[in-house]
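Enquirer: give me a model of this one.
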Amino acid sequence: MAKKLFIKVQDIEIGIKNIDNQDYICLTDIAKGQEGDDHIRNWMRNRNTLEYLGVWEGLHNPDFKGVEFDTFRKQSGLNSFNMTPKKWADSTDAIGIISTAGKYGGTYAHKDIAFNFAMWISPVFQLYITKEYQRLKEIESNEHGLEWNVRRILTKANYTIHTDAVKNYIIPKTNFSKAKEWLLYAGEADLLNIALFGCTAKEWQEANPARALQGENIRDMASINELAILSTIESLNAALIKNGLDRKSRFQVLLETVKDQKATLDKIDVLKSIKKISETTFLDYKKNKNNNDEK
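Expert: Next up is the predicted model:
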């Protein structure tokens with residue numbers, strides 16, 4: 001789970017948690033400062049609210065218990081009907097609303113549901129929350145965009161170190177003509193690509209022809225974390241080349257380094273593990289290619 005964020009709406013600090021790569025907004029905070037008690041419970045016992053929650057869960061949660069939901073829906077509207085976040089989650093296996101304990105405890109709901117609750121509280125308040133949330137997302141997007149560009153520049157700088165190692169320590173040991181030296185550079189670049197992305201540059205191009213035609217390559221689609229790792233293994237491979245390690249040994253070292261660093265970086269910030277632009281994965285491409293070959 002990522003660190004907790006906050007937005008401030010009409011002098012009320014509202015917490016946001018990233019749960020399973022989705023933003024959950026604190027309903028407890030939204031209800032602060034509002035007149036009356038038990039706003040969340042009163043909102044949840046409303047028939048329109050239950051209808052909305054049921055549809056949301058049906059769209060996003062394959063384990064949602066529809067039978068139990070139908071029972072609640074039939075009971076809603078009765079004076080004796082009562083609903084709480086815990087009762088809702090325990091009875092239907094719902095995932096849209098979560099109650100947590102501890103220092104930052106409270107009732108959190110997926111942003112879609114939180115906005116619905118805010119609308120029930122006050123349409124004006126809901127507009128302010130939506131606007132402030134969008135502002136937060138724009139700030140995050142700009143920060144990640146800047147960091148991605150910086151990482152991309154660093155990998156290009158380290159690539160020079162990498163190519164110099166090929167030029168000074170690999171090419172002199174071969175009989176390649178000047179016209180074919182590019183094969184050695186490409187081969188070492190693909191050693192890094194396979195260790196990090198699981199495919200060569202050519203394989204990625206074949207899997208993503210439209211992006212390749214636009215001049216994009218496998219590294220242009222990398223996540224921030226992948227670019228950080230790429231920068232590391234470029235320098236590492238250059239050092240291994242200078243120390244005379246053979247290609248097979250270097251690949252094993254690179255592969256282990258990628259595995260260890262990816263586990264650490266993705267744990268620190270899962271958002272930075274998301275690729276800059278989604279693309280057809282090499283595994284999907286390979287699967288489709290094998291199916292076509294069998295035909």
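
Enquirer: hey, C-alpha coordinates of the top strand by length along the chain in CSV?
Expert: As assigned by DSSP state E, the longest strand anywhere in the chain is strand 12-19. Taking C-alpha atoms only, strand 12-19 is exported to CSV below (Å, rounded to 0.1, in the frame of the first residue of the first chain):
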residue,chain,number,x,y,z
ILE,A,12,-11.4,19.8,5.8
GLU,A,13,-8.4,17.5,5.3
ILE,A,14,-9.5,14.3,3.5
GLY,A,15,-7.2,11.3,3.3
ILE,A,16,-6.6,9.2,0.2
LYS,A,17,-5.0,5.7,0.2
ASN,A,18,-3.8,3.7,-2.8
ILE,A,19,-5.2,0.2,-2.4
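
Enquirer: quick one: average pLDDT of the next helix or strand after it?
Expert: Next helix or strand after strand 12-19 toward the C-terminus (DSSP states H and E): strand 22-26. On average, the pLDDT along strand 22-26 is 91.

Enquirer: which neighbouring elements make contact with strand 22-26?
Expert: With contacts defined as 3 or more CB pairs under 8 Å, 6 or more residues apart in numbering; DSSP states H and E, the packing partners of strand 22-26 are strand 12-19, strand 106-110, helix 111-121, helix 123-165. (C-beta placed from N, C-alpha, C; glycine too.)

Enquirer: buried deepest among the ones you listed, which one?
Expert: Each of those was assessed for mean neighbour count using mean count of other CB atoms under 10 Å. The highest is strand 106-110, with a mean of 23.

Enquirer: okay, now the sheet partners of it, with direction.
Expert: Partner strands for strand 106-110, per DSSP bridges, with pairing direction: strand 22-26 (antiparallel), strand 97-100 (antiparallel).

Enquirer: any chance of those in TSV, with mean neighbour count too?
Expert: Below are the strands paired with strand 106-110 laid out as TSV (neighbours: other CB atoms under 10 Å):
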stretch	mean neighbour count
strand 22-26	21
strand 97-100	19
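
Enquirer: out of these, which is closest to residue 205?
Expert: strand 22-26 (32.7 Å; CB to CB).

Enquirer: centre of the chain to that closest one, how far?
Expert: 15 Å (CA atoms, centre = their mean, to the nearest Å).

Enquirer: which residues are in contact with it?
Expert: Residues external to strand 22-26 that are found in contact with it (CB atoms under 8 Å, 6 or more residues apart in numbering): 14-18, 98, 106-111, 114-115, 129, 133.

Enquirer: between the residues you listed, which sits nearest residue 59?
Expert: residue 110 (11.0 Å).

Enquirer: pretty sure the closest one is touching residue 57, no?
Expert: No. Taking CB atoms under 8 Å as the definition, residue 110 is not a contact partner of residue 57, at 9.9 Å.

Enquirer: give me the common contacts of the two.
Expert: 95-96.

Enquirer: strands paired with the longest strand of the chain, and their directions?
Expert: strand 5-9 (antiparallel), strand 22-26 (antiparallel).

Enquirer: circling back to that earlier point, nearest to residue 268, of the contacts of strand 22-26?
Expert: residue 18 (12.6 Å).

Enquirer: give me the low-pLDDT residue ranges for the protein?
Expert: Within the chain, the stretches with pLDDT under 70 are 1-4, 36, 102-104, 138-152, 154, 269-295.

Enquirer: how is it carved up into domains?
Expert: Domain segmentation of the chain under automatic domain parsing yields 5-121, 138-294.

Enquirer: now the first one: how far from the chain's centre is it?
Expert: Distance, stretch centre to chain centre, for domain 5-121: 24 Å (CA atoms, centre = their mean).

Enquirer: thinking again about what came up before, distance to residue 90 added to the strands paired with strand 106-110, as TSV?
Expert: Shown next, in TSV, are these (distance: least, CB to CB, whole Å):
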stretch	distance to residue 90
strand 22-26	18
strand 97-100	10
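
Enquirer: and of the ones you listed, who's closest to residue 170?
Expert: Here strand 22-26 is closest among the strands paired with strand 106-110 (CB to CB), at 46.6 Å.

Enquirer: please identify the buried residues of the helix or strand that comes right after that closest one?
Expert: Helices and strands here follow DSSP H and E; after strand 22-26, the next one along the chain is helix 27-31. By neighbour count on 16 or more other CB atoms under 10 Å, the buried set for helix 27-31 is 27-31.

Enquirer: following element in sequence after helix 27-31, please.
Expert: helix 39-44.

Enquirer: now for that following helix, which elements pack on it?
Expert: Using 3+ CB pairs under 8 Å, 6+ apart: helix 39-44 touches helix 27-31, helix 47-60, helix 85-92, helix 111-121.

Enquirer: brilliant, that's me finished.
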